[in-house]
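> take a look and give me a structure for this.
(2 chains)
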2 protein chains.
Amino acid sequence: MADALYLGLDGGGTNSRARLTDAAGLVLGEGVAGSSNLTLGVDVAATAIRAATAAALDAAGLDASALGRVRAGLGLAGANVPSLAAAIAAEPFGYAAVAVASDAVAACLGAHGGRDGAILILGTGSQGLALVQGRATAVGGWGFQIGDDGSGAILGRAAVRAAILSIDELAPRSALTRAVMARFHDDPSEAVIWAKSAVARDYARFAPLVFEHRAAGDAVAEALIDEAVAGVGAQLDRLMALGASRIVLVGGLAEPYRPWLPERFAPVLVAAEGDPMDGALALARREAA
Amino acid sequence: MADALYLGLDGGGTNSRARLTDAAGLVLGEGVAGSSNLTLGVDVAATAIRAATAAALDAAGLDASALGRVRAGLGLAGANVPSLAAAIAAEPFGYAAVAVASDAVAACLGAHGGRDGAILILGTGSQGLALVQGRATAVGGWGFQIGDDGSGAILGRAAVRAAILSIDELAPRSALTRAVMARFHDDPSEAVIWAKSAVARDYARFAPLVFEHRAAGDAVAEALIDEAVAGVGAQLDRLMALGASRIVLVGGLAEPYRPWLPERFAPVLVAAEGDPMDGALALARREAA
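Numbers count the residues shown, from 1 in each chain, chains lettered A, B, ... in the order given. Predicted coordinates:
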């Protein structure tokens, strides 16, 4: 029998990225396909996983006949729902073995080289995860309306609210509130119509504007960032209380937030050792061991 | 020619209420029909206005032949949009005369007996309006996502967020957070699913719970009410800055808020002299004068 192959797949809401390695960990190829977020449907996810796998095999100069040698680790959005994780694990992919975990667990394993630690995702949404002594504990998340403190959506919405309040002279104007209103052609009615259908990602588009103006010393931006940092700090404190002594910040707002976080977090905030595909590969190796 | 009749109609999102008086102000009859919120469509609103008018005439023992004697004042939700106000004013109702204003303007005229003053609506949404020297200035409003500070929807959502934060030990638990979570059977996933389709009115259902627990000294409820009161206070201050020396609180949360508002507002907060139909009648009389 030919040597085993390992496949690590990071399946999020935007796309699925697969990395194929040999038994020694040498990268043979990578492939990308559509979203494999399980909440979109197990069939949709399975199709994307098959496509990303085939693309990675192809990039490695292999074909479907190699599938039976592949030990796969799948880190999938939605796999924190046990029924969805079980359904995708039962799918007849043709792998030699398959291990399934949430995309956050895979990201955490990747960030810490498979060892204990935590991640805090700061993007459109926010979500913390601590992996300590084999136990995964999620912190925060829950979505835009009732959770996601410190996320781009929450910060961006706060910026729009501050701008609208300033129009009615209920709160101070600043360069930031003027920049926000300029995106609505200085017409609050346009903002009202926009808000009727705006989703998290639409609000998150205002977050970079807040960081820009914070750097320039804008008073409204300072108040908004202070509030957001309090939310981020609460999540970091909780991850530390859960036993994580190393935390990796992940997502598009990780770097923008860094200069404004309290000094006391500096010792625990570390750089990622690997990416979520590395974490999914660790999952596959752990399953094989 | 027979004496003039006056009709005041309060047209909101739930229903349209019409009051018919004689020239001396004696109430002859009242009628109720469906919503005449102009944003639902001018045709829909016109149908409701005709139905409420017919019902009021009927209650007064009159029929459609009296319509030509009726001077109508219509206070309609959506009439702050000039094109909608013009469209409904041009509708061939058959009235001797018609005057159109927003429901908030009619409510303010009714509350202050047609004199200068302001109202602050505190219900599912929030909205201030000052009527000073013939000039109407709106304060706040703009809807749940980007405005409506102090509204039931904003307060209720803050309560749900506080409860969800407490589940992750990111914020303190209290009797209030437990009461909120009990409505979701203590399952944050149930709250997430609910939040996907929850509208302002759904969040507002949690507001009474916050006031209840505030009265009992709950620390989380106290923080939430303090924040909400700051938003209400900013709107009251702004209405006073616009020249209103008398303000009437309107809506389902007006009474719950009263004990928690700063003392300094006590001298300006007055009881309503009349209701929105009285305000619409004042509108009709003003037009006739």
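
> can you give the domain ranges for chain A?
A:5-113+A:273-288, A:152-265 (automatic domain parsing).

> so for the shortest one, first residue to last residue, what's the gap.
Distance across domain A:152-265, first residue to last, is 20 Å (C-alpha to C-alpha, to the nearest Å).

> so can I have TSV of the domains of chain A showing mean neighbour count?
From N, CA and C alone the C-beta is placed, and that goes for glycine too. Output for these, formatted as TSV (neighbours: other C-beta atoms under 10 Å in any protein chain shown):
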stretch	mean neighbour count
domain A:5-113+A:273-288	21
domain A:152-265	19
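
> chain A: strands as residue ranges?
Listed in chain order, the strands of chain A (DSSP state E) span A:5-11, A:16-22, A:27-33, A:70-76, A:97-102, A:117-122, A:126-132, A:135-139, A:247-250.

> list the residues that contact the spatially most central residue of chain A.
Nearest residue to the geometric centre of chain A (C-alpha atoms, centre = their mean): residue A:121, 5.0 Å. By C-beta atoms under 8 Å, 6 or more residues apart in numbering or on different chains, residue A:121 lies in contact with A:104, A:107, A:127-129, A:250-251.

> 10 Å instead, please
A:103-104, A:107-108, A:127-129, A:140-141, A:148, A:150-151, A:235, A:248-254 (C-beta atoms under 10 Å, 6 or more residues apart in numbering or on different chains).

> how close does it sit to residue B:87?
49 Å (C-beta to C-beta, to the nearest Å).

> neighbouring contacts of the one helix or strand in chain A whose mean pLDDT sits lowest?
Lowest by mean pLDDT, DSSP states H and E among the helices and strands of chain A is helix A:188-197, with a mean of 90. By C-beta under 10 Å, 6+ apart, the surrounding residues in contact with helix A:188-197 are A:157, A:160-161, A:163-164, A:167-168, A:180-181, A:183-185, A:187, A:198, A:202-203, B:80-81, B:141-147.

> what about that helix, distance to the chain center?
How far helix A:188-197 lies from its chain's middle: 28 Å, per C-alpha atoms, centre = their mean, to the nearest Å.

> I'd say residue A:272 and residue A:249 touch.
Yes - at 8.8 Å, residue A:272 counts as touching residue A:249 under the criterion of C-beta atoms under 10 Å.

> what's the overlap in contacts for these two?
In contact with both residue A:272 and residue A:249: A:111, A:119, using C-beta under 10 Å, 6+ apart.

> so where's the stretch 151-289 of chain A shaky on pLDDT?
Within the stretch 151-289 of chain A, no stretch falls below the threshold (pLDDT under 70).

> let's see that with 90 instead.
The stretch 151-289 of chain A contains residues with pLDDT under 90 at A:189, A:192-193, A:196, A:201, A:251, A:286-289.

> need the residues of it near chain B, please.
A:154, A:157, A:160-165, A:167-171, A:184, A:188-189, A:191-196, A:198, A:203, A:231, A:234-235, A:237-238, A:241-242 (C-beta under 10 Å from any C-beta of the partner chain).

> just the residues you listed: which are in helices?
Among these, DSSP state H puts A:154, A:157, A:160-165, A:167, A:188-189, A:191-196, A:203, A:231, A:234-235, A:237-238, A:241 in helices.

> and the nearest residue in space to residue A:136 that is not next to it in sequence, how far is that from residue A:253?
Among residues not flanking residue A:136 along the chain, residue A:105 sits closest, at 5.4 Å (C-beta to C-beta, 6 or more residues apart in numbering or on different chains). Distance, residue A:105 to residue A:253, by C-beta to C-beta: 21 Å.

> got it, and residue A:150?
Relative to residue A:253, residue A:150 is positioned 8 Å away (C-beta to C-beta).

> could you do residue A:196 as well?
From residue A:196 to residue A:253 the distance is 26 Å (C-beta to C-beta).

> repeat that for residue A:263.
Counting by C-beta to C-beta, the gap from residue A:263 to residue A:253 is 19 Å.

> ditto for residue A:156
Using C-beta to C-beta, residue A:156 is found at 10 Å from residue A:253.

> near chain B, which residues of the stretch 1-150 of chain A show up?
Those residues of the stretch 1-150 of chain A that sit near chain B, judged by C-beta under 10 Å from any C-beta, are A:80-81, A:128, A:137-149.

> buried ones from those, can you make that a ChimeraX selection?
Buried residues among the residues of the stretch 1-150 of chain A next to chain B (16 or more other C-beta atoms under 10 Å in any protein chain shown), as a ChimeraX selection:
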select /A:80,128,137,139,140,141,142,143,144,145,146,147,148,149
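
> just checking, residue A:164 touches residue B:139?
No - assessed by C-beta under 10 Å, residue A:164 is found out of contact with residue B:139, at 11.5 Å.

> what touches both of those two?
In contact with both residue A:164 and residue B:139: residue A:170, using C-beta under 10 Å, 6+ apart.
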